[in-house]
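[1] The amino acid sequence is not available; the structure is as follows:
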């Protein structure tokens with residue numbers, strides 16, 4: 001008898017479309033069966049050229065919109081008039097909590113990023129989340145919820161209100177307390193599918209990614225959870241990437257037998273973990 005009850009984990013690769021090497025690595029990992037979801041950045045200059053890599057993926061891989069409001073340039077001319085470049089995350093968080101965001105223009109930007117996803121893939125996203133978790137910030141979460149309310153079928157949403165795991169407590173606390181709890185309440189109230197917990201937060205500097213993963217697998221609760229990661233390759237012509245070393249490290253591990261061994265040792269299987277309307281109400 002295994003010492004741990006069986007649990008389910010969905011591994012989600014963020015930042016598809018951000019650069020050619022990142023997209024190539026993510027697509028290969030998905031075809032190898034190592035991913036349950038791919039989050040796509042559609043305001044990148046590389047999105048349209050990367051999107052064909054998403055064709056003919058396993059049916060078990062969900063494709064989502066990774067709303068990006070902190071890197072690069074806006075897609076929407078309306079937002080670009082006042083923000084020629086998107087602000088860094090600390091500035092966006094501060095403006096959100098001070099209620100200083102240009103919400104009408106940001107609504108146009110979110111719509112434009114959704115339209116770019118539809119145009120390149122021919123379908124609506126199966127779930128919504130945010131680059132650096134911006135989708136849960138005050139003001140922005142209202143934009144996201146309004147957009148979701150107009151979509152049929154209703155896409156799932158990344159829940160950021162429970163971020164268990166070893167270490168990096170300050171980062172996990174910041175994710176949970178910059179708007180995640182308010183978003184979680186709305187997801188439950190509106191019966192929007194979402195993940196029970198979110199794993200994967202670290203500083204991108206720890207060289208022992210396998211050790212990180214073993215800790216996250218140990219923290220995975222009985223109801224399962226979603227793990228976000230940032231695998232990728234480096235390709236000629238890619239823009240500078242401050243976490244490029246971490247991306248290559250993550251990809252090498254997730255493609256290795258060591259990952260499969262760690263899953264088996266923890267009695268964890270890969271699969272979908274979006275909660276339905278019937279999900280129990282848990283703290284957070």
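    Alright, I've got the coordinates. Quick caveat, the model's predicted, so the values are computed rather than measured.

[2] State the mean pLDDT of stretch 154-164.
    Stretch 154-164 shows an average pLDDT of 96 in the prediction.

[3] what's the span of it, first residue to last?
    27 Å (CA to CA, to the nearest Å).

[4] Can you list the buried residues in that stretch?
    155-164 (16 or more other CB atoms under 10 Å). In short, each C-beta sits where N, CA and C put it, glycine included.

[5] Out of these, which is nearest to residue 94?
    Nearest to residue 94, judged by CB to CB, of the buried residues of stretch 154-164 is residue 160 at 18.3 Å.

[6] how near is that closest one to residue 174?
    Separation of residue 160 from residue 174 (CB to CB, to the nearest Å) stands at 10 Å.

[7] could you say what helices and strands the helix or strand encompassing residue 188 packs with?
    Using DSSP states H and E, residue 188 maps to helix 180-189. With contacts defined as 3 or more CB pairs under 8 Å, 6 or more residues apart in numbering; DSSP states H and E, the packing partners of helix 180-189 are helix 140-149.

[8] Beyond the helix it packs on, next helix or strand please.
    Past helix 140-149, the next helix or strand by DSSP H and E is strand 156-157.

[9] Contacts for that following strand, please.
    62, 64, 126-129, 135, 144, 148, 183, 187, 192-195, 274 (CB atoms under 8 Å, 6 or more residues apart in numbering).

[10] Next SSE downstream of that strand?
    Going down the chain from strand 156-157, the next helix or strand is helix 169-177, by DSSP H and E.

[11] Measure how that following helix sits relative to helix 180-189, angle-wise.
    Relative orientation of helix 169-177 and helix 180-189, computed by axes from the mean of the first three to the mean of the last three CA atoms, to 10 degrees: 40 degrees.

[12] got the contact list for the closest residue in space to residue 254 that isn't next to it in sequence?
    The shortest distance from residue 254 to any non-neighbouring residue, by CB to CB, 6 or more residues apart in numbering, is to residue 34 (4.9 Å). Contacts for residue 34 (CB under 8 Å, 6+ apart) come out as 11, 254-255, 259, 270.

[13] out of those residues, which are buried?
    For the contacts of residue 34, buried by 16+ other CB under 10 Å: 11, 254-255, 259, 270.

[14] can you list the residues you listed in CSV and add pLDDT?
    CSV is the format used below for the buried ones among the contacts of residue 34 (pLDDT from 0 to 100):
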residue, pLDDT
11, 98
254, 98
255, 97
259, 98
270, 97
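
[15] which two in those residues are spaced the farthest apart?
    255 and 270 (13.6 Å).

[16] ok so, going back, could you tell me which of the buried ones among the contacts of residue 34 belong to strands?
    Of these, the ones assigned to strands by DSSP state E are 11, 270.

[17] now, which of the buried ones among the contacts of residue 34 sits nearest residue 42?
    Closest to residue 42 out of the buried ones among the contacts of residue 34 is residue 11 (21.2 Å), distances taken as CB to CB.

[18] Is it correct that that closest one is in contact with residue 254?
    Yes - the criterion here is CB atoms under 8 Å, and residue 11 meets it with residue 254 at 7.2 Å.

[19] so what's in contact with those two at the same time?
    In contact with both residue 11 and residue 254: 34-35, 229, using CB under 8 Å, 6+ apart.

[20] So which of those is the closest to residue 264?
    Scanning the shared contacts of residue 11 and residue 254 for proximity to residue 264, where the rule is CB to CB, the winner is residue 34, at 14.1 Å.
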